[in-house]
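**Q** Quick one, structure for this:
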Amino acid sequence: MSALERTLADYKGTGITVGPHIMTHLRGSLAREGVLRAADLTGVRNGHWAKIAGLVIVRQRPGTAKGFCFITLEDETGTANAVVVPDVFQRYRVLIHTAAILLIEGPLQKACPEPNRRACPEPGRGANDVIHIRARRMRELSIAHQAIGLTGHGYRMRVTPEDEPPPVPPSHDFH
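**A** Below is the predicted model of the structure:
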């Protein structure tokens, strides 16, 4: 059994894995597309167009956020955040609500987390900058023709192969 097959078997059986992160198996093709790892975002210039991808672990659209949606993706190096403006949210509404693994692209934004600007003399260059992608485009990712679906809340996942028949209910024949 390959490493990918073991990871998919873990997700299928339990919804989680203790082996390699699911994104590890996609990293080669993602790197060729210019998709950055979460750990790489601190080195990216403020305003630079960037691509991130990962397992969707948080989707938030608070009523007080004026239609903005906040997505947190997890990859093999950590987490990355995306902010989705209302018109982009409407365009990708179904995908945002249903995809287990997303690729999101847009300009990277770095902001000082401190209200006192003297704490951040050069916005976008501080060690404590808040970093996110302002989502402009997104698409769902899949692995080796295996559909990945969400189950429950949080980021427990399950592999949902198309060719697997539904389970047969037990027979209650008492004769």
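**Q** For this protein, just list every one of the strands.
**A** 35-36, 49-60, 69-75, 78-84, 101-111, 130-135, 137-140, 148-150, 157-159 (DSSP state E).
**Q** Neighbouring strands of the second one in the sheet, and parallel or not?
**A** This points to strand 49-60. strand 35-36 (parallel), strand 69-75 (antiparallel), strand 101-111 (antiparallel) (DSSP bridges).
**Q** follow-up on the earlier one: list just the one of the strands of the chain that sits closest to residue 22.
**A** Closest to residue 22 of those is strand 49-60 (C-beta to C-beta; 6.0 Å). (Each C-beta comes from the backbone N, C-alpha and C, glycine too.)
**Q** so that closest one versus strand 130-135, what angle?
**A** 100 degrees (axes from the mean of the first three to the mean of the last three C-alpha atoms, to 10 degrees).
**Q** from the chain's centre, how far out does strand 49-60 sit?
**A** Here strand 49-60 shows a centroid-to-chain-centroid distance of 3 Å under the convention C-alpha atoms, centre = their mean, to the nearest Å.
**Q** picking up where we left off before, quick check: which of the strands paired with strand 49-60 is nearest to residue 136?
**A** strand 101-111 (3.8 Å).
**Q** Buried residues of the closest one, list them for me.
**A** By 16 or more other C-beta atoms under 10 Å, the buried positions in strand 101-111 come out as 101-106, 108-110.
**Q** Turn the strands paired with strand 49-60 into JSON lines, columns for distance to residue 47 and mean pLDDT.
**A** Output for the strands paired with strand 49-60, formatted as JSON lines (distance: least, C-beta to C-beta, whole Å; pLDDT from 0 to 100):
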{"stretch": "strand 35-36", "distance to residue 47": "15", "mean pLDDT": "97"}
{"stretch": "strand 69-75", "distance to residue 47": "20", "mean pLDDT": "96"}
{"stretch": "strand 101-111", "distance to residue 47": "6", "mean pLDDT": "94"}
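**Q** Make JSON lines out of the ones you listed and add distance to residue 49.
**A** Output for the strands paired with strand 49-60, formatted as JSON lines (distance: least, C-beta to C-beta, whole Å):
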{"stretch": "strand 35-36", "distance to residue 49": "11"}
{"stretch": "strand 69-75", "distance to residue 49": "17"}
{"stretch": "strand 101-111", "distance to residue 49": "6"}
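**Q** and of these, who's closest to residue 55?
**A** Ranking these by proximity to residue 55 (C-beta to C-beta) places strand 69-75 first, at 4.8 Å.
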